[in-house]
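Novice: Here is my input; please provide its structure:
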Amino acid sequence: SLGQLVKAMYVRGLSTRDVEGMFLEALGHQVLSRSRVSRIAAQLQADFDAWRKRDLSGLKVVYLFLDAIYLALRQGTEEKEGVLCAYGILEDGKKVLLHLALGSRESYEAWLGFLHELVARGLGEPLLVVSDKHKALRRAVKEVFPHAFKQPCLAHKMRNILCKLPRKAQNEMKQLVRQVFYAGSYQEGLKLGRELIARFSGIYLSAMECLGEDLEECLTYLKFPEAHWKAIRTTNLLERLFGEGRR
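Specialist: This next block holds a predicted model:
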């Protein structure tokens with residue numbers, strides 16, 4: 001029980017000195033030395049390595065979410081490194097964190113190796129891959145999972161569109177683009193999107209080009225069961241995980 005408590009405290013950011021001191025303050029005498037705390041904490045790395053190598057062949061992943069978070073991973077420096085992440089929703093609706101790995105600035109080679117590692121551990125091709133529009137990531141996904149549907153994260157896409165608009169137009173345009181992205185069907189979304197592009201191309205060319213370049217792909221999620229739409233139109237599943245990681 002003490003070992004599990006030490007791991008939990010260590011993961012939440014306490015140093016080995018802090019953990020030793022907490023036990024001393026709480027219990028009035030030394031229960032675990034700093035060296036013993038260090039040995040217990042070291043087991044975390046072994047557990048993590050085993051988790052990263054575990055067999056994935058028994059997981060029937062329908063929806064695969066891919067994204068990266070940048071964190072300062074080394075003490076004494078603010079230089080950040082990319083941590084690649086894969087999350088899945090299974091046939092039974094269960095959500096599973098599949099893999100984490102360092103990924104040199106999200107390069108194509110990093111993402112390709114990351115995905116090949118998932119496949120080597122038994123992951124089958126998902127029905128849908130949800131990600132942002134990072135070119136290296138999308139290229140790697142297309143190579144490793146050529147038959148899977150691709151869904152850009154609509155939250156990322158919305159930000160990309162709005163940043164190409166003057167500030168005074170952003171609120172109004174956000175509502176209009178939402179009508180496209182949150183349409184009741186794929187065909188309705190296409191119709192609304194094309195009408196919006198035709199209406200504003202002469203005024204906001206760059207933003208409308210951004211919307212039009214992958215309008216069909218942005219609406220891919222509407223081809224799936226309506227009960228799943230909220231979960232698969234963004235990478236929010238990962239964003240919540242990243243928020244907890246930063247905290």
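Novice: all contacts plus neighbour counts: C-alpha atoms, from now on.
Specialist: Fine.
Novice: Let me know the next secondary structure element after the longest helix along the chain.
Specialist: For the chain, the helix with the greatest residue count under DSSP state H is helix 34-52. Using DSSP states H and E, the helix or strand that follows helix 34-52 towards the C-terminus is strand 61-72.
Novice: Would you list the strands that the helix or strand just after that next one pairs with, along with their directions?
Specialist: Counting by DSSP H and E, the next helix or strand C-terminal to strand 61-72 is strand 80-90. Applying DSSP bridges, strand 80-90 is found paired with strand 61-72 (antiparallel), strand 95-102 (antiparallel).
Novice: Okay, buried residues for the last one please.
Specialist: Spelled out, that is strand 95-102. Leu98, His99, Leu100, Ala101, Leu102 (16 or more other C-alpha atoms under 10 Å).
Novice: Equivalent analysis for stretch 201-216, please.
Specialist: Counting neighbours by 16+ other C-alpha under 10 Å, one finds that the buried residues in stretch 201-216 are Ala207, Met208, Cys210, Leu211, Gly212, Leu215, Glu216.
Novice: tell me the SS of the third one?
Specialist: Of the three states, Cys210 takes helix under DSSP: H, G, I helix; E, B strand; the rest coil.
Novice: Find the nearest non-adjacent residue to it, please.
Specialist: Of all residues not flanking Cys210 in the chain, Ile161 sits nearest, at 6.1 Å (C-alpha to C-alpha, 6 or more residues apart in numbering).
Novice: Now do the helix or strand hosting that neighbour: distance to the chain's middle.
Specialist: Counting by DSSP H and E, the element that carries Ile161 is helix 154-162. Between the centre of helix 154-162 and the centre of its chain there are 16 Å (C-alpha atoms, centre = their mean, to the nearest Å).
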